[in-house]
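Colleague: Give me a model of this one.
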Amino acid sequence: MWPWIIDVQRDIYLAFGEHIKAFASGSGWGAFLAFLPMSIAFGAVHAMTPGHSKSILATYLAGSSLSMVRGLLVSLALSFTHVAMSVVIAMFSLPLVSIMFGGTGAGSSPILESVSRGLLGVIGIWMLWSALFRGPHGDQQGIVVGLSAGLIPCPLTLFVMTFAISRGVPEAGIMFAIVMMIGVALTLSSVALAAVFFRQQMVHLFETRPKLISRLTKGLQAASGAVLVLVAVHELWWR
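Modeller: Sure, this is the predicted structure:
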């Protein structure tokens, strides 16, 4: 399945490159806007590939007390930050790109990865402490998780933005990023809904035993917090 996803992703990306070149050559908005909806499919397929903090999103929501709607908000926050960071970095010129990516190429960004994982580690510690000494965590924490996990920029959006800027049409890259974010959000929202549904079904199985539900909820929260801490430690010290 992965080879197929990678092939589709490459084909869409190459097609967008051609449309950006045509737009930069003066073909006008018509042809570009007609092809632009394909970036929704591009974003959805791209988000299926490894990365994009899907496991972190699912782990957090499985151990939270958030509703379906709140879970969707977390996934939207993650999607927005993930794509927007690429637009911001590209618009702030190549020197900033070099600094943020540490000279390791467009596939990684050590500084932002460290900040992202560090924040998630702090949230994981809070979840562990909350599970042991407090009640379930609040809704606002979920948004923070989404924003923190999305700090790592989307490399493909960065490629498209850089290509568009080099052709003198940054507006084309921004339009692509905005529409692509819809596709990314569709995939991540599906992950979020599945995680919340799983947790709700687990709770429903034991709804006649409130004490067991309380223990199950705290257990899931503690497990989610432990996973976030382990991910942060692994990424920051053994990467």
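Colleague: C-terminal to the strand or helix carrying Asp11, what's the next element?
Modeller: Assigned by DSSP states H and E, Asp11 falls within helix 2-24. Note on helix 2-24: by DSSP H and E, the next helix or strand toward the C-terminus is helix 29-35.
Colleague: Buried residues in that next one, which are they?
Modeller: Buried residues in helix 29-35, counting neighbours by 16 or more other C-beta atoms under 10 Å, are found at Phe32, Phe35. For the C-beta atoms, the positions are set from N, CA and C on the backbone; glycine is no exception.
Colleague: Quick check: what element follows it along the chain?
Modeller: Next helix or strand after helix 29-35 toward the C-terminus (DSSP H and E): helix 38-48.
Colleague: So which residues make contact with the helix holding Asp11?
Modeller: With C-beta atoms under 8 Å, 6 or more residues apart in numbering as the test, helix 2-24 has contacts from 29, 31-32, 35, 38-39, 41-42, 45-46, 48-49, 156, 159-160, 163-164, 167-169, 172-173, 176.
Colleague: What average pLDDT does it get?
Modeller: In this model, helix 2-24 has an average pLDDT of 77.
Colleague: Tell me which residues of the helix or strand that contains Ala84 come out buried.
Modeller: Applying DSSP H and E as the criterion places Ala84 in helix 68-91. For helix 68-91, a neighbour-count test (16+ other C-beta under 10 Å) marks 70-87, 89-90 as buried.
Colleague: buried ones in the helix holding Asp11?
Modeller: If you call a residue buried by 16+ other C-beta under 10 Å, then helix 2-24 has these buried ones: Gln9, Ile12, Tyr13, Phe16, His19, Ile20, Phe23, Ala24.
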